[in-house]
Structures are given as structure tokens and as C-alpha cells.
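>>> my questions concern the predicted model and sequence given below.
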Amino acid sequence: MKIDIATRMERSVLGINIQYIKDYKVIVHTIGMIETTKRHTAANLKEEIMKCLNEYGIGINQIYSNTTDNGANVVKASKLLHDMQQESLANEDAINDVEADHIESQIASVFSVVRCAAHTIQLAAYDVIKTIEKDLEECRTIVKKLRTLVRAGNTDISLPFIDNRTRWNSTYDMMESLYRIKEYIENLDKNMYINWSFVKDFLTAFQPISKCTLKLQNEQYIIGDFFRDWLTCELELADLVPENIYADSLLNAMKIRKNVLLEYKAFVAALYLDPRFNFEETPLLSSEQKDVAMDHLIRTYEMIQKIKNPSEYENDCTSGVVPHTTQDNELPSTSKGAYHKLTLHVRSLAKSQSATRPIVKPDIKQKLVNLCVKEMEPFDTNVLEYWRKFYRNESIDNKIKF
């Protein structure tokens, strides 16, 4: 699920998108464009989101992750949704304390609040832009004057673009439009001083991140594609560092923001399932990150199984356990060993405890482990198509074995 709030001309709209994969294609539906009249508190936002989900018959337990910007109210609303999902699962059955602890840890891993990719890039850009705001303001002032002159003079040049400070890429567009009419400005009789070295260095440093931002607009764009383009942007900035005073700051800002992204379990799990990043001896995922991803994916699998068929899932969890039965006329026997009764007691406790932790079929975990020993796929690979072929080939292999 993705949520965002836009405010224009004193009107606020809450947008709610649902994204999923069907037939190996990313599908996005806008299920809500809600004009909000109440204060944008977390509780009010949660209420509107739940109304929208209920209208479409979407249960809170079906939400895998919630993508948001960095707004405190939106993040808090996501936390309230997380708590609601946790409470919903806990209330499904009468549970003991051990089961409650398990459910709590399970939900905390599965329901993820992930920062929007575009917003993360914007934050990295702002980390640098705020250090050069004085120079940008001087350019902004010149642009405003030029817009007045161009309108009054009926010239053939393009009207320079004025930026929106809440959208860093619009600042890039402003600087680019200014640089395009450099010759016109220099031929003006008006006394307009522009630091063209600053303009050029700004455009050169921010061009890689601008290209990365534009790629986010692709329709079939997954986490691995974004991470690929992010790393490409880092390499391009690294090449600019010796000659550009802003490239190094921007590169460091991107690395810091990247580390924050890699703290999200859903993000790391997506990279784990991407053969461009997870392969034998990959330098892109640490052993710890692989363990986190596997744990998250297994928990997600457990959740999906429970949602699909709760009764069958519970049977699966206890299958393979052969209970010890005692005949009514069976008498205690020392021939079974002095600790036979204790053994039965411990096995009974273990069985009771294991029932609170669903048992995952070994082949699921093994399949995840096997992903680490495959060869690296090219970075232009269509990963969704890769998985389509993977499952088709696996299905054929299973039929042959059968």
C-alpha cells in the first residue's frame, strides 16, 4: 500500500494506492482520492485509510508493507495500522503468552513501513541543497526578474522555469532553464550577475541523480531496478568527485540514505530475491543481511499460508509429529529407562511450544538458501520475467521427477 497527502489551493487530498504483482506484472490501483477536511492527525488518517480498505474488502492482515514519505503524521498513521494488524491477528484465537510473543515478533517483521524511493532520493538531494541555498536563492531571484522581462519583451526564448522548493528536481529544472538562455542573459543591457561556474557545477553534480529520479516513473519498476539505478548514480558521482565540489557531498549523502534503506527488512528481502544482487559470493549483501532477508521471507510465507487457508495451515504446522499414545492397560516399565517419564514430559512441552511457532516446510528454506549460489544476472534483466521462467522450469522438473 502507498499513501500520500497533497495540499493545493487550501484543499488537501489523501491518495491511497494498492500495488501487487499479478501474472508477473506490477499492478497499481488507486483506491482512494479522499478530500480531507479534518486535521491531518495520525488517528484521522488511519480512520480514512481503513474506510477505504473496508470499502474494497481488503483486510488489514493482507497489507505487506506501507510506503510513505517522511511526514511524521503519515509515519505515525502507519504505526497505528501496524498495531491494528497485530491486534487483529492476536484476537483471531484464544492464545497464551508464548503465542502472543510470537505473533508480535512475526508482525513486526512482516508489516513494514518503507520510505518512498523518490522521497529518499529527494532527501539525499536536500542534504546538499540546504548547504548551497544562498547561491540558489540568488539564481531564483534572477529567474523571477527574467520571467518578467521575457513576458514584457515578447522574445522568442523560452520562459525560464521557477522552482517549487518542496521538489528538488524542479530546482534542477530551474537551473537548467537558466543555463539554456545564458547567451540571451549576457547580451542584456540589464545589470544581472550570475555565477555561471556555480550553475554549471550544480547541473553537472545533480545530473546523475536527476536521471535516477526520472527512471522511477517507469511502470514496471521494482525495488531491484531502483537499487541498480541508485548504485549507478553513486558510480557516476564518484567519477565527478575530482572535478566537482558538490559531487562528493552528494555521494556521501546518498550513501547515508542508502544505509537507512537497507535497514528495512522488506527492502533487503526484495534484494535477496533479485538475482542481480544475490548470487554466489555477492559483495552486495552481507551474511547478516541474508539472514534477515530469509527470516523475513519465511515469516511472510507463514503469514500468506495462514491467510489463504487457516485450518490447513494449522494442520501443516503440526504434521509429521507422531504423538505418543499409551494403552489403558499399559503399566510403567523400568525397561524403558529411568528417564522415560521425564522424556515424555519434555517431549510434551516441546510439542506444546512448537505449536506456537509454525513449522516451515524444509524445502521453502532450502529454496531460499539455494538463491545464494546462483550466478549473477545482468543488470538489465527483467526480474519478474526471470521468476516466471524460474517457476516454469521448476514445474517442468517436478513433472519429470514425478
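In hand now; what should we look at?
>>> where in the stretch 1-150 of the chain is pLDDT low?
Scanning the stretch 1-150 of the chain with the threshold set as pLDDT under 70 gives 40, 69-115.
>>> again, 50 this time
The stretch 1-150 of the chain contains residues with pLDDT under 50 at 78, 89-90, 92-110.
>>> now the helices for it?
With DSSP state H, counting those that start in this stretch as the criterion, the stretch 1-150 of the chain has helices at 42-55, 72-90, 97-110, 117-129, 133-153.
>>> what does the last one rub up against?
By C-beta atoms under 8 Å, 6 or more residues apart in numbering, the residues outside helix 133-153 that reach it are 129, 157, 159-163, 171, 174-175, 177-178, 181, 185, 188, 190, 192, 194-195, 198-199, 202. Bear in mind the C-beta positions are built from the backbone N, C-alpha and C, glycine included.
>>> now which of those would you call buried?
With neighbours counted by 16 or more other C-beta atoms under 10 Å, the contacts of helix 133-153 contain buried members at 129, 160-161, 163, 171, 174-175, 177-178, 181, 185, 194, 198-199, 202.
>>> measure Gly59 to Asn370 for me?
According to C-beta to C-beta, to the nearest Å, Gly59 and Asn370 sit 32 Å apart.
>>> should've said Thr148
For Thr148, the distance to Asn370 (C-beta to C-beta) stands at 65 Å.
>>> per-domain residue ranges of the chain.
The chain breaks down into these domains under automatic domain parsing: 2-115, 120-261, 273-315+359-402.
>>> how about those domains in CSV, adding distance to Phe267?
Below are these laid out as CSV (distance: least, C-beta to C-beta, whole Å):
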stretch, distance to Phe267
domain 2-115, 6
domain 120-261, 5
domain 273-315+359-402, 9
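>>> export stretch 20-40 to CSV, keeping only CA atoms.
The C-alpha trace of stretch 20-40 is given here as CSV (Å, rounded to 0.1, in the frame of the first residue of the first chain):
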residue,chain,number,x,y,z
TYR,A,20,0.6,-6.1,-6.2
ILE,A,21,2.1,-8.5,-8.7
LYS,A,22,-0.2,-10.5,-11.0
ASP,A,23,1.0,-12.7,-13.8
TYR,A,24,4.5,-11.4,-13.1
LYS,A,25,3.4,-7.8,-13.8
VAL,A,26,3.3,-4.9,-11.3
ILE,A,27,-0.3,-3.8,-11.0
VAL,A,28,-1.2,-0.4,-9.3
HIS,A,29,-4.7,0.6,-8.4
THR,A,30,-5.7,4.0,-6.9
ILE,A,31,-8.5,3.0,-4.5
GLY,A,32,-8.8,6.4,-2.8
MET,A,33,-8.5,10.1,-3.6
ILE,A,34,-10.1,11.5,-0.5
GLU,A,35,-10.5,15.2,0.2
THR,A,36,-9.8,15.6,3.9
THR,A,37,-11.5,18.3,6.0
LYS,A,38,-10.2,17.1,9.4
ARG,A,39,-6.8,17.8,10.8
HIS,A,40,-4.1,15.5,9.4
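>>> and the contacts of that stretch?
Counting by C-beta under 8 Å, 6+ apart, 5, 11-19, 44-45, 48-49, 52-53, 55-56, 58, 73, 219-222, 384-385, 387-388 sit against stretch 20-40.
>>> out of the residues you listed, which are buried?
Applying 16+ other C-beta under 10 Å to those flags 5, 14, 16, 18, 44-45, 48-49, 52-53, 73, 222 as buried.
>>> now for the residues you listed: which two are most distant?
The most widely separated members of the buried ones among the contacts of stretch 20-40 are Asn44 and Ile222, with 32.2 Å between them, by C-beta to C-beta.
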